[in-house]
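Build the 3D model from these lines:
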Amino acid sequence: MRKQIPNLAGGIFLIILLIFPLTYGAADYDYIMHILITGFFYAILAASWSMLSGYAGQFSFGHMGFMAIGAYTTGLFCHYIYLSPEPTELCAETPFFGQWLVVVNPIGVTSTTLTQDCLRQALEAWGGTVDVQPMPVLLGIILGTLMGALAGFLVGMLVLRLRAAYLALFTLGFSEILKATISAEIDITRGQAGLELPPLYPNGVNLFGTYFEPTDKLPPYYTMLALLLACLAILGWLARSKFGLFVRALREDQDAAAALGVNTTRYKVLVFTITCAMAAAAGAVQGHYVQIITPNMLFLLQMSLVVAMAVIGGIENFVAAAIGAIILQVVLELLRNSFVIGGIEVDMTIWRLVFFGLLLMITLRFFRNGLIAPIIAYFRREGVAEETVAKRASTVTGPGGGPHRTEAPD
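Below you'll find the model as predicted:
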């Protein structure tokens, strides 16, 4: 019975998350929903990084880089590509199933209306008589996910023969190079000014018989939650399969796994590609939710936050890492509010990070498996000791209950 407690608790937690937006009606509704959506976003990153580092033993600092690849792929796709029933004769364009696929010329950051891109010039010339359609957001998210997977595959093929600190340093360098490139290519990415994205649902959406505007929080909430559940389901399936057995063997002893016939490079590249695709999908959805992306998402502090969330939750259990990410995101945001003790105002905008660092230090010193993973393991292991004793007893007991003996050959 005790083994079912984690499943029961997880089911209750999921039901609470599903009904919360429909029942919560306080004045800070949008703020709380934003915290939870961001928590789901970090949960996807922490869970996928846990599979990569906790299960496969591949310590990477480039996870946020692949998240940014997903976000910028869909951002550039939706920002520069359109469908037009008429040729603009100003932009780069090609026929596409009876319409014209228009690629807008990049103009970078400008504060003047005198310099417009080619499509805006064409729209002004048409005077509103031609209906130009942007590309579907869903298609951009799919492309962002695929591009993240492709980048993960290429980087994996290049670096996953490296081990330990060399792999961490290489992925850190990759992330920093990507950030510098995005910041420098101002004409295309708009650099630190940020690239604007259309909302996740540009035309709004109907849910439960109610129409929600593009800026409403409820549709992105359920979208990010569904993406989180899908990622956890895929990770769970992989962990229980032969794939999961092989990647855990890589973590424990890569040389021994190779000696037993495991294609170590293949499985390292596979787990790297899958987890990078999940990070890219999370970045693409999050980018459309916040509607602007900047190179700041690639700061090392953001990667450190994901690692800390996974470590505090439990690096060897992706469900615990996801739960830890959600809880920590909610707590860190709620602790922004200052309070007064004995007439002294405590500025929690600074002290909350001190408490977070202290919690991380205590976890690393006394709880190597995190704070949540041991709780799950405690309930999961009910009866394991008795089963082990029974199996050992059966190996030393003969068929009639007497001792089992092995005769030496003549």
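
next one: the strand or helix carrying Leu76 to chain centre, how far?
Assessed by DSSP states H and E, Leu76 sits inside helix 63-80. Offset of helix 63-80 from its chain centre (Cα atoms, centre = their mean, to the nearest Å): 13 Å.

and what of stretch 32-46?
Using Cα atoms, centre = their mean, the offset of stretch 32-46 from its chain centre is 9 Å.

cool, stretch 53-63 as well?
Counting by Cα atoms, centre = their mean, stretch 53-63 comes out at 13 Å from the chain centroid.

who's in contact with Ile326?
Leu36, Gly39, Phe40, Tyr42, Ala43 (Cβ atoms under 8 Å, 6 or more residues apart in numbering). C-betas here are computed from N, CA, C, even on glycine.

Please tell me how far it sits from Arg365.
24 Å (Cβ to Cβ, to the nearest Å).

Kindly report the same for Gly236.
30 Å.

These two: which has the busier surroundings?
Using other Cβ atoms under 10 Å as the criterion, Gly236 and Arg365 rank with Gly236 on top: 15 against 8.

buried ones in whichever strand or helix holds that one?
Taking DSSP H and E as the criterion, Gly236 maps to helix 218-240. Buried residues in helix 218-240, defined by neighbour count with 16 or more other Cβ atoms under 10 Å: 218-225, 227-228, 231-232, 234-235, 238-239.

Excluding covalently adjacent residues, which one is nearest to the residue nearest in space to the middle of the chain?
Nearest residue to the geometric centre of the chain (Cα atoms, centre = their mean): Leu45, 2.8 Å. Excluding its sequence neighbours, the residue lying closest to Leu45 (Cβ to Cβ, 6 or more residues apart in numbering) is Val306, at 4.8 Å.

what does Ala184 give?
Ala184's closest residue in space is Gly191 (Cβ to Cβ, 6+ apart), at 7.2 Å.

residues touching that neighbour, list them.
Val109, Ile182, Ser183, Ala184, Glu185, Pro295.

doesn't the third one fall inside a helix?
Same thing as Ser183. Yes: counting by DSSP: H, G, I helix; E, B strand; the rest coil, Ser183 is located in a helix.

Surely it and Asn296 touch.
No: the pair Ser183 and Asn296 does not pass the contact test of Cβ atoms under 8 Å, sitting 9.4 Å apart.

re the thing from before, can you tell me which residues contact the residue nearest to the centre of the chain?
When contacts are counted by Cβ under 8 Å, 6+ apart, Leu45 touches His63, Met64, Met67, Ala279, Ala282, Val306, Ala325.

if you set the cut-off to 7 Å instead, what comes out?
The contact partners of Leu45, taken as Cβ atoms under 7 Å, 6 or more residues apart in numbering, are His63, Met67, Ala279, Ala282, Val306.

cool, Leu328 as well?
With Cβ under 7 Å, 6+ apart, Leu328 has these contacts: Met309, Ile312.

Output the below-cut-off pLDDT ranges for the protein.
The model of the chain has pLDDT under 70 over residues 1-2, 110-115, 163-164, 339-343, 346-347, 381-410.

For it, just list every one of the strands.
Under the criterion DSSP state E, the chain contains strands at 81-84, 92-96, 99-103, 133-134, 195-196, 205-207, 210-212, 292-293, 339-341, 344-346.

Now render the ones you listed as JSON lines, adding mean neighbour count and distance to Gln116.
Output for those, formatted as JSON lines (neighbours: other Cβ atoms under 10 Å; distance: least, Cβ to Cβ, whole Å):
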{"stretch": "strand 81-84", "mean neighbour count": "18", "distance to Gln116": "14"}
{"stretch": "strand 92-96", "mean neighbour count": "12", "distance to Gln116": "16"}
{"stretch": "strand 99-103", "mean neighbour count": "18", "distance to Gln116": "14"}
{"stretch": "strand 133-134", "mean neighbour count": "12", "distance to Gln116": "17"}
{"stretch": "strand 195-196", "mean neighbour count": "17", "distance to Gln116": "15"}
{"stretch": "strand 205-207", "mean neighbour count": "14", "distance to Gln116": "31"}
{"stretch": "strand 210-212", "mean neighbour count": "11", "distance to Gln116": "32"}
{"stretch": "strand 292-293", "mean neighbour count": "18", "distance to Gln116": "20"}
{"stretch": "strand 339-341", "mean neighbour count": "8", "distance to Gln116": "51"}
{"stretch": "strand 344-346", "mean neighbour count": "10", "distance to Gln116": "50"}
